[in-house]
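S.K.: Here's a sequence, model it:
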Amino acid sequence: MASGGLPTGESGASGGAAGACAFTVTKNALSAKIPTVGIVEWSLAGPAPSSATIVYTLKDAPSSILNRGGEAPVDLGKPGYRTLLLGLKQEKNYTFRIEVTRDGQTCVSPEYALPTTGRFENAPSVMVDVVQPEKREPGFIVTSSGTSLPSSAFILDADGEVVWYVEAPQNTTRALMDYEGEHLWMLSLNLTNQGGEMRFVSMDGEREQRNVPGLENAHHDFTVMPGGKIAAIAWHGIGADPESEVLIRAPDGTVTSALRIGSNLYRSDAFHANAIHYVPFDGGFTISDRNPNVIVKVSADGALEWQLGGSCEDAPAGERCFPHDWEVNHGHHLLRDGTFVVFNNTYGNVARILEFRLDATPNAFSATLVRDYAGEYASYNLGDVQRLPRGNTLVTYATDRKLVELDSSWSVVQTFSVRVGYSSFRPTLYGPPARP
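M.R.: The predicted structure follows:
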């Protein structure tokens, strides 16, 4: 018998003789730490496979549900081909099958029943208001409790259900899966420059490290990079609102300073860097500072490329500076085609989302405002915006505890009411993020 599932037996095959594929599932269980994470280990008689995927499906899912299961890539280098099934809903039943390719042949296992998933006792409640169900974008939102209590890091699916949850440091602003999707990292705000905390938890919850050494001065935000690297904003001085630096931590624990964030990049009487994003198409970073109301782009080697917002008088970016009169900025998203969306908190009762079309050359830089969107909500701290892969936009209002999905015409698709910090949308919980 296959552990926790259906009997082991011969299965379907294409491109070869029927009965050539004999699977054995040696582990079929849920994580003891995260009861919505399935763990599967298996073997296949005969030669080793060249690739494999586990396809899992929510049983008896109504047609209105977006998150109906998924496909988990198998790392063939892991003992027992150990694979995590992520994004499972609480207290639900799933089946799975293993699909393998070897020697030009496709092998498909029988269907196995995963144990019924558990529930999170302390997960936040989520109220869901769907306006345009047909326009919802499938995927997941990795987020945190922000400055609300109890502190947590969690993942929502596109139906507004919590599918992953752990306790987190106080005032957790950002939670992100690493670039390869192996761990979830989280960061405390550390607003007053008196010491913060970064920690990470493996996606099965079995490994956790608190107070990651070398990142005690990290604050506000971090981003993820290929190869398991983490890049965090960290205070680079004492007192209130000094300059910052970007610290990069490698998987072996080595922490190096990549660049300074201060008067070398833009002019300000006080500094308050608050958001950073790795730019995957060129290896650089975009960095936000709310005090001078600017966002800058730096290259992979730390060279300043442009400044958007604030004043351009005596700006280090020179001709590659483009002023704007917005007040207070946080999360943002730069796309390869030059689209750039910015969360503009404002000092008023409603936050705004600014969409620009950027034109950047080695000698000049300009930005054309193509949309100035005002919704219904405010965020006096944090706040985030991300353009989704299919064209929708996710807006995060931390203060008003709202996640709002907008369609391409900026009409509301759905709203999740839940305590949040920064947020990051992923179409899948495997592999690289849509926006680091």
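S.K.: Show me the protein divided up by domain.
M.R.: With domains defined by automatic domain parsing, the chain comprises 10-114, 127-426.
S.K.: closest one to residue 120 among those?
M.R.: Across these, the minimum distance to residue 120, taken as CB to CB, is reached by domain 127-426, at 4.4 Å. Where C-beta positions appear, they are placed from N, C-alpha and C, glycine not excepted.
S.K.: among the domains of the chain, where is the model least confident on average?
M.R.: Among these, domain 10-114 has the lowest mean pLDDT, at a mean of 92.
S.K.: and the residue lying closest to residue 222 once chain neighbours are set aside, how many residues sit next to it?
M.R.: Closest residue in space to residue 222, ignoring its immediate chain neighbours: residue 232 at 3.8 Å, by CB to CB, 6 or more residues apart in numbering. Here the number of neighbours of residue 232 (other CB atoms under 10 Å) works out to 27.
S.K.: Likewise for residue 29?
M.R.: When neighbours are defined as other CB under 10 Å, residue 29 has 14 of them.
S.K.: beta partners for it?
M.R.: For residue 29, the beta-bridge partners are residue 39 (DSSP bridges).
S.K.: Same check on residue 58?
M.R.: Beta bridges link residue 58 to residue 94 when assigned by DSSP bridges.
S.K.: I'd say it and residue 69 touch.
M.R.: Yes - between residue 58 and residue 69 a contact is recorded at 5.2 Å, counting by CB atoms under 8 Å.
S.K.: what is in contact with the two at once?
M.R.: Overlap of the contact sets of residue 58 and residue 69 (by CB atoms under 8 Å, 6 or more residues apart in numbering) consists of residue 94.
S.K.: quick one on the thing from earlier: list the neighbouring strands of the strand or helix carrying the residue nearest to residue 222 plus their orientation.
M.R.: Residue 232 is part of strand 229-235, with elements assigned from DSSP states H and E. Strand 229-235 sits in its sheet next to strand 218-225 (antiparallel), strand 244-249 (antiparallel), going by DSSP bridges.
S.K.: Can you say which of those strands is nearest to residue 106?
M.R.: Nearest to residue 106, of all those, is strand 218-225, at 33.4 Å by CB to CB.
S.K.: And the closest one, how far out from the chain middle?
M.R.: The chain centroid and the centroid of strand 218-225 are separated by 12 Å under CA atoms, centre = their mean, to the nearest Å.
S.K.: about what we covered before: what's the most buried one of the domains of the chain?
M.R.: Mean neighbour count (mean count of other CB atoms under 10 Å) peaks for domain 127-426 among these, with a mean of 19.
S.K.: Centre of the chain to it, how far?
M.R.: Offset of domain 127-426 from its chain centre (CA atoms, centre = their mean): 10 Å.
S.K.: what's the span of that domain, first residue to last?
M.R.: Criterion CA to CA, to the nearest Å; first-to-last residue distance in domain 127-426 is 20 Å.
S.K.: nearest spatial neighbour of residue 255, skipping sequence neighbours?
M.R.: residue 214 (3.3 Å).
S.K.: any idea how far residue 83 lies from residue 282?
M.R.: Distance of residue 83 to residue 282, given as CB to CB, to the nearest Å: 33 Å.
S.K.: Quick one: the helices in the stretch 51-200 of the chain, in order.
M.R.: Assigned by DSSP state H, counting those that start in this stretch, the stretch 51-200 of the chain shows no helices.
S.K.: which residue ranges form the strands in it?
M.R.: Using DSSP state E, counting those that start in this stretch, the strands of the stretch 51-200 of the chain run over residues 51-58, 69-73, 83-85, 94-102, 105-108, 112-114, 127-130, 140-144, 152-157, 162-167, 172-177, 183-188, 198-202.
S.K.: and those strands as TSV, adding distance to residue 392?
M.R.: Formatted as TSV, the strands of the stretch 51-200 of the chain follow (distance: least, CB to CB, whole Å):
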stretch	distance to residue 392
strand 51-58	23
strand 69-73	20
strand 83-85	26
strand 94-102	27
strand 105-108	34
strand 112-114	30
strand 127-130	13
strand 140-144	12
strand 152-157	15
strand 162-167	20
strand 172-177	20
strand 183-188	24
strand 198-202	29
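S.K.: Good, we can wrap up now.
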